[in-house]
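>>> okay, sequence plus prediction incoming.
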Amino acid sequence: MSTDVKISMAEYEARAARGDFDGPNRRRVELIYGEIREMSPAGLTHDALIGFLTRWSSKHPLMMS
């Protein structure tokens with residue numbers, strides 16, 4: 001999906017606070033490069049992998065010089 005209208009993070013957060021993405025037609029969305037994108041629901045495998053990566057990254061911090 002492509003759009004000509006880009007929104008800012010502040011506009012996105014205001015819409016989320018207003019509940020635009022909640023209710024009976026709740027949608028999982030993310031703001032990507034100024035576009036609101038509908039995301040697929042996360043499944044068990046996805047959730048498990050995110051948990052693993054979170055635990056791993058907390059034990060192995062990125063060393064920047």
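That came in fine, so what should we check first?

>>> Met39 contacts Arg28, doesn't it?
Yes: using Cβ atoms under 8 Å, Met39 is in contact with Arg28, at 4.7 Å. Where you see a C-beta, it was placed from the backbone N, CA and C, and this is true even at glycine.

>>> which residues does stretch 18-37 contact?
Residues outside stretch 18-37 that contact it (Cβ atoms under 8 Å, 6 or more residues apart in numbering) are 1, 3, 6-9, 12, 15, 38-42.

>>> tabulate the CA atom coordinates of it in CSV.
Taking Å, rounded to 0.1, in the frame of the first residue of the first chain, the C-alpha atoms of stretch 18-37 are listed here in CSV:
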residue,chain,number,x,y,z
ARG,A,18,-7.5,8.9,21.0
GLY,A,19,-8.2,5.2,20.5
ASP,A,20,-8.3,5.3,16.7
PHE,A,21,-6.8,1.8,16.5
ASP,A,22,-8.8,0.2,19.4
GLY,A,23,-12.3,-0.9,19.9
PRO,A,24,-14.3,-3.7,18.2
ASN,A,25,-12.2,-3.3,15.0
ARG,A,26,-8.9,-3.2,16.8
ARG,A,27,-5.9,-3.2,14.4
ARG,A,28,-2.2,-3.9,15.0
VAL,A,29,-0.4,-1.0,13.3
GLU,A,30,3.0,0.5,13.2
LEU,A,31,4.3,3.9,11.9
ILE,A,32,7.0,3.2,9.3
TYR,A,33,8.6,6.1,7.5
GLY,A,34,5.5,8.2,8.1
GLU,A,35,3.0,5.6,6.9
ILE,A,36,0.6,3.7,9.1
ARG,A,37,1.0,0.1,8.2
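
>>> so how far is that stretch off the chain centroid?
9 Å (Cα atoms, centre = their mean, to the nearest Å).

>>> count of residues packed around Ile7?
Ile7 has 14 neighbouring residues, counting by other Cβ atoms under 10 Å.

>>> helix, strand or coil for it?
coil (DSSP: H, G, I helix; E, B strand; the rest coil).

>>> could you check how far it is from Ala16?
11 Å (Cβ to Cβ, to the nearest Å).

>>> make a ChimeraX selection of the buried ones in the contacts of stretch 18-37.
Here is the ChimeraX command that picks out the buried ones among the contacts of stretch 18-37, judged by 16 or more other Cβ atoms under 10 Å:
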select :12
